[in-house]
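Engineer: Attaching a predicted model along with its sequence, questions to come.
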Amino acid sequence: MLLAMQGAVSQGILWGVMVLGVFITYKLLDIADLTCDGSLALGGCVCAILVVQYGCNPWLAIGAGALAGVVAGAVTGLLHTLFSIPAILAGILTQISLWSINLRIMGKSNVPLLKHETVFSAISAATGLPQTTITIVVGTAFAVAIVAGLYWFFGTEIGSALRATGNNEDMSRALGINTSFTKMVALMVSNGLVGLSGALICQSQKYADIGMGTGAIIIGLAAIVIGEVLGRLTPGKLRSFSSRLIAAVVGSIVYFLIRAIVLQLGMDANDMKLLSACIVAVALAVPVVWERYQLRRSYARGGEA
Amino acid sequence: MLTLTNVRKAFNRGTVNEKVALDGLNLHLDKGDFVTVIGGNGAGKSTMLNMIAGVYPLDSGTVTLDGKDISRLSEHARAAHLGRVFQDPMRGTAADMQIDENLALARRRGQRRTLRWGITRAEREEYREALSTLGLGLESRLSDKVGLLSGGQRQAITLLMATLKEPDLLLLDEHTAALDPKTAAKVLQITQQIVDESGLTTIMVTHNMHDAIRLGNRLVMMADGRVIYDVRGEEKARLHRADLMAKFEEAAGEEFANDRMLLG
Ligand SMILES: Nc1ncnc2c1ncn2[C@@H]1O[C@H](COP(=O)(O)OP(=O)(O)OP(=O)(O)O)[C@@H](O)[C@H]1O
Ligand SMILES: [Mg+2]
């Protein structure tokens, strides 16, 4: 049980990197970017094939996975900004093409890394610590570095322009912001993180699979929602930007802990997607219903007066 | 300074819903002109401002600013020269960003955005001072989200944002129409204060004839996508509402009876 929990935490952290990517598009740009399912698998596939077939250094392979994600984001960005294809549809188009591309890259639907060195096994061999611990440490290091990087980036002029684009596009253009450019940057950074996450996951689970990204967007949204709820429950309300980023990663960890628990309770792993979808749907529905309820109550009060 | 030559714009071209919004519009502004624009609903006032700002491409004609043809420039490229305030207070500011962050975005209008910090400590002081000139007590709320403010407060901030980096031309599209009379008067007073201070060249669309006569050095009336009346200086100062009503009647015939101008 403890082992399962430890595994869940490490998984949650590695997927947390992806959640940060989804956070950029969903929370800052206000786009549900479906590229993510494809770019997560892309990051994993590229990483696996580089390690297995080309004997590439596992660190470099992770970088390559991230870079591949950036390219995938750029494709969605171009479809959306250059040809005005709605963002959701542009994401779906890229996601679908990535399925075929990923199969081409790997040549088959699953590539195991069993005998190959990964960043985790390398550090584990060097320090003598168990791999689960190393995964948590390395994953945390990545997550911390990325949160710090994002915190810096979104404080810069370009980063602020990007937040403004997601907030009010008319205003942004009137203030001279090239919104096509900012959207491109957001999609590229976001999918770069998703690709990076895919590469890390691939090395930690020691295989890449064509289906490893399926439903990633839902996991991302569920984690963000869980993080937000946890943030709201914390005394200080945690509204600052850095705490929102941290909450997203924590949300991811909690998501995988919940998952591990319900699996322990005997739920089928395949039902997890249904559960995730329900979490997201409920989280999106609750504020709307609540507002309607408040409205009706205030009408009722108005009627009495 | 600004010259519109034969500007034509039709929406839904080639369909049954085709609507000619600007029909060979000509207008020339000198530096320092403060032009008020009036005209019935659908006269093409907003479309004219949108053509200047590059919101939509124009069908034909040219827009030149300071001798430079800007007709083909994108909206964000033209923004370097233009300050804009919209009718809808929600449109001019980013609700989820802080007041100072909004101002910092506006201050960098037309500037290359880099990886330097989006806002500096020195700037904040500057914004505090600028906000205090509005007299709305916003100088103490620099890190409040703009979404928490009222429509009038947001509109005043948008006005400040439009002029923080001095524009070559200020475009105001019924920017007080969504405000209650008292707030509208306050925002108009701030407008005049800002425009007078730096002698900004300004186009202000309004449905309020009294304001149109009272403010600015020039008045333009539009109908059916064209300028039908253009007065300035002394002649404008002597204008009365009755004169404008007569002009309206002449241009719009019976239709004007239903027009929202009557309420102005
Ligand atoms: N985006 C658009 N699509 C289609 N038609 C449009 C569009 N924008 C404006 N029009 C049409 O162009 C004409 C001119 O509209 P415009 O908004 O410029 O009028 P206006 O003078 O600003 O009127 P108002 O006083 O109501 O603001 C109207 O008939 C309008 O229906
Ligand atoms: Mg209008």
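Structural biologist: Looks like it came in fine. Ligands and ions are numbered 1, 2, ... in the order given.

Engineer: what about whichever residue of the stretch 51-200 of chain B sits closest to ligand 1, how many residues close to it?
Structural biologist: The minimum distance from the stretch 51-200 of chain B to ligand 1, using Cβ to the nearest ligand atom, falls at residue B:174 (6.4 Å). Heads up, the C-betas are built off the backbone N, CA and C, glycines and all. For residue B:174, the number of neighbouring residues by other Cβ atoms under 10 Å in any protein chain shown comes to 19.

Engineer: hang on, it packs against residue B:87?
Structural biologist: Yes. With contacts counted by Cβ atoms under 8 Å, residue B:174 reaches residue B:87, the gap being 4.3 Å.

Engineer: The helix or strand containing residue B:195: which residues count as buried?
Structural biologist: In this structure, residue B:195 sits in helix B:181-198 according to DSSP states H and E. Under the neighbour-count criterion of 16 or more other Cβ atoms under 10 Å in any protein chain shown, helix B:181-198 has B:183, B:184, B:186, B:187, B:188, B:190, B:191, B:192, B:194, B:195 buried.

Engineer: And the contacts of the next helix-or-strand element following that helix?
Structural biologist: Proceeding N to C from helix B:181-198, the next assigned helix or strand is strand B:202-205, under DSSP H and E. With contact meaning Cβ atoms under 8 Å, 6 or more residues apart in numbering or on different chains, strand B:202-205 is reached by B:29, B:33-38, B:45-46, B:49, B:52, B:169-175, B:191, B:195, B:215-216.

Engineer: mind checking how far the nearest residue to residue B:211 once chain neighbours are set aside is from residue B:155?
Structural biologist: Closest residue to residue B:211 in three dimensions, ignoring its sequence neighbours and counting by Cβ to Cβ, 6 or more residues apart in numbering or on different chains: residue B:188, at 6.5 Å. Noted for residue B:188: a distance of 10 Å to residue B:155, by Cβ to Cβ, to the nearest Å.

Engineer: what touches both of those two?
Structural biologist: Applying Cβ under 8 Å, 6+ apart, one finds that residue B:188 and residue B:155 are jointly contacted by residue B:176.

Engineer: If we look just around ligand 1, which residues of chain B are in range?
Structural biologist: Selection of chain B residues close to ligand 1 by Cβ under 6 Å from any ligand atom yields B:11, B:12, B:19, B:21, B:39, B:41, B:42, B:43, B:44, B:45, B:46, B:47.

Engineer: Of those residues, which is the nearest to chain A?
Structural biologist: Ranking these by separation from chain A, with Cβ to the nearest Cβ as the measure, puts residue B:46 on top at 13.0 Å.

Engineer: re earlier: quick one: which of the residues of chain B next to ligand 1 sit in strands?
Structural biologist: Counting by DSSP state E, the part of the residues of chain B next to ligand 1 found in strands is B:11, B:19, B:21, B:39.

Engineer: dump the residue contacts of the closest residue to the first one other than its chain neighbours.
Structural biologist: Read it as residue B:11. Taking Cβ to Cβ, 6+ apart, and ignoring the residues beside it in sequence, residue B:11 has residue B:19 as its nearest neighbour in space, at 4.8 Å. Residues touching residue B:19, when contacts are defined by Cβ under 8 Å, 6+ apart, comprise B:10, B:11, B:12.

Engineer: what's the spacing between residue B:19 and residue A:128?
Structural biologist: The span separating residue B:19 from residue A:128 equals 76 Å under the rule Cβ to Cβ.

Engineer: do the same with residue A:21
Structural biologist: The separation that residue A:21 has from residue A:128, given Cβ to Cβ, amounts to 33 Å.

Engineer: Between these two, point out the one with more neighbours.
Structural biologist: In terms of neighbours (other Cβ under 10 Å), residue A:21 is the more surrounded of residue A:21 and residue A:128; the figures are 33 against 7.

Engineer: pretty sure the more buried one contacts residue A:187?
Structural biologist: No. Contact status for residue A:21 versus residue A:187: not in contact, 9.7 Å apart, counting by Cβ under 8 Å.

Engineer: lowest-confidence helix or strand of chain B?
Structural biologist: Each helix and strand of chain B was given a mean pLDDT (mean pLDDT, DSSP states H and E); the minimum falls on helix B:241-252 at a mean of 80.

Engineer: quick one: average pLDDT of the strand or helix carrying residue B:212?
Structural biologist: For residue B:212, the host element (DSSP H and E) is helix B:209-214. Summarised as a single mean, pLDDT over helix B:209-214 is 92.

Engineer: How far off centre is it?
Structural biologist: Helix B:209-214 sits 15 Å away from the centroid of its parent chain (Cα atoms, centre = their mean, to the nearest Å).

Engineer: Good, we can wrap up now.
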